[in-house]
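**Student:** give me the fold of what follows.
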Amino acid sequence: MNIVILDDYQDAVRKLACARKLDPYPAKVYTNNVKGVGQLAVRLRDADIVVLIRERTAITRALLEKLPRLKLIAQTGAVGPHIDVQACTEHGVAVAEGVGDPVAPAELTWALIMAAMRRIPQYVANLKHGAWQQSGLKAASMPPNFGLGMVLRGRTLGIWGYGRIGRLVAGYGRAFGMRVLVWGREASRVQAAADGFEVAPDKAALFRDSDVLSLHLRLTDETRGCVRFDDLATMKPTALLVNTARAELIEPDALVAALNRGRPGMAAVDVFESEPILQGHALLRLENCVCTPHIGFVELDSYETYFSAAFDNVVNYIKGTPTHIVNPGALQVRRPLQSRSSSRPTPL
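**Tutor:** Model (predicted):
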């Protein structure tokens, strides 16, 4: 069975220790990303199994209709809306869910908070151009001495979304001597209160009172666009908005407009509506926005965890004992294994 691993931007997967699990099987790794259904159909035409790296490639009904050979999608991490599970079931394509770990994205969130609040990226960039102790950040819309940066101790950390990642970030805030203010669903607010954190009276207070506001919501129909320009406009001109969750939580163009108007004064983002982003992306042009290329889960330990689980699902499927299938109905309609002459993929 031919295995294809998509979107390994750093050519890291084949060097992982867990990659040895696929040694007995033909596999090909692609290090670039293609978006069009036609291009993907050509790339995947000989694939029996596709391994997805998070949400980097969408599996749509239109694509599935062009892939009669495909039998299994092995997802690294949780299955999300990037996979049309219903269409997969109808086409006999099983979807195996992986595992995740909240530590890496939580730590990246905290790294971005510290870097942005102390203006580290701006200081580093200017130092490389010969400017000593210059962060820039002197636009007329910014408060006096905004470029100096600020410590975290004694300031308010707002957390919207108190799941596994949000809980860790809240704990980091407490360790740094911050007032932690939580908002979310009722169950999240109850849990936050039980953990000893202050619960915001409403969403408006969360945006108004936070010096740092970090988003940790799942993307659903309900949460899509839940952060509006009017919400951002109520934030302090010295405040920092952090989004390591999903770009679509913020209504389109609202963050760029808000940053240009100085409320909030700064943002740090790891996620974008379309990825990879282009060099001229509006957020990249703003000096008061720190951008990273969706690396919340991109570190060695997480990769070993994610891919080890995905490769276990692949091997178990090949051996006839499929595991962690989210659409077991697909196993009843899948086509039998078929032999087809084609160019052999390169080994992993």
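**Student:** what about the residue lying closest to Leu219 once chain neighbours are set aside, how many neighbours?
**Tutor:** In this structure, Leu219 finds its nearest non-sequential neighbour in Arg246, 4.0 Å apart by Cβ to Cβ, 6 or more residues apart in numbering. In short, each C-beta sits where N, CA and C put it, glycine included. Arg246 is flanked by 20 other residues according to other Cβ atoms under 10 Å.
**Student:** what's the helix or strand for Pro143?
**Tutor:** Using DSSP states H and E, Pro143 sits within no helix or strand.
**Student:** excluding chain neighbours, what is closest to it?
**Tutor:** Here the residue nearest Pro143, using Cβ to Cβ, 6+ apart, is Pro237, at 5.1 Å.
**Student:** list the buried residues for the longest helix belonging to the chain?
**Tutor:** In the chain, taking DSSP state H as the definition, the longest helix is helix 300-318. By 16 or more other Cβ atoms under 10 Å, the buried positions in helix 300-318 come out as 302-303, 305-318.
**Student:** I figured Met141 hits Asn260, correct?
**Tutor:** For the record, residue 141 is Ser, not Met. Yes: using Cβ atoms under 8 Å, Ser141 is in contact with Asn260, at 7.5 Å.
**Student:** shared neighbours, the two?
**Tutor:** Overlap of the contact sets of Ser141 and Asn260 (by Cβ atoms under 8 Å, 6 or more residues apart in numbering) is empty.
**Student:** settle this for me: Gly100 is touching Tyr303, isn't it.
**Tutor:** No: look at Gly100 against Tyr303 with Cβ under 8 Å: they stay out of range, at 11.8 Å.
**Student:** and for the two, which residues touch both?
**Tutor:** By Cβ under 8 Å, 6+ apart, the residues touching both Gly100 and Tyr303 are Phe297.
**Student:** now the phi/psi pair for Ile59, please.
**Tutor:** Main-chain torsions, Ile59, degrees, to the nearest 10: phi -110, psi 100.
**Student:** partner residues bridging it?
**Tutor:** Beta bridges link Ile59 to Ile83, judged by DSSP bridges.
**Student:** give me the number of residues near it?
**Tutor:** Neighbours around Ile59, by other Cβ under 10 Å: 25.
**Student:** hmm, Ile83 and it touching each other?
**Tutor:** Yes: in this structure, Ile59 is within contact of Ile83 by Cβ under 8 Å, at 4.6 Å.
**Student:** and Ala139, how many neighbours does it have?
**Tutor:** 14.
**Student:** that's a helix at it, yeah?
**Tutor:** No: secondary structure of Ala139 (DSSP: H, G, I helix; E, B strand; the rest coil): coil, not part of a helix.
**Student:** wait, is Gly158 part of a strand?
**Tutor:** Yes: assigned with three-state DSSP, Gly158 falls within a strand.
**Student:** doesn't Glu198 make contact with it?
**Tutor:** No: with contacts counted by Cβ under 8 Å, Gly158 stays clear of Glu198, the gap being 10.2 Å.
**Student:** more neighbours, the two?
**Tutor:** Neighbours per residue, other Cβ under 10 Å: of Gly158 and Glu198, the larger number sits with Gly158, 30 against 13.
**Student:** ok, what's across the strand from the more buried one?
**Tutor:** Leu181, Leu213.
**Student:** who touches both of Ile59 and Ile83?
**Tutor:** With Cβ under 8 Å, 6+ apart, Ile59 and Ile83 have common neighbours Leu52, Ile73.
**Student:** spell out the residue ranges of the strands in the chain.
**Tutor:** With DSSP state E as the criterion, the chain has strands at 3-5, 27-29, 49-52, 72-75, 94-96, 156-160, 179-183, 198-199, 212-215, 240-243, 266-269, 289-291.
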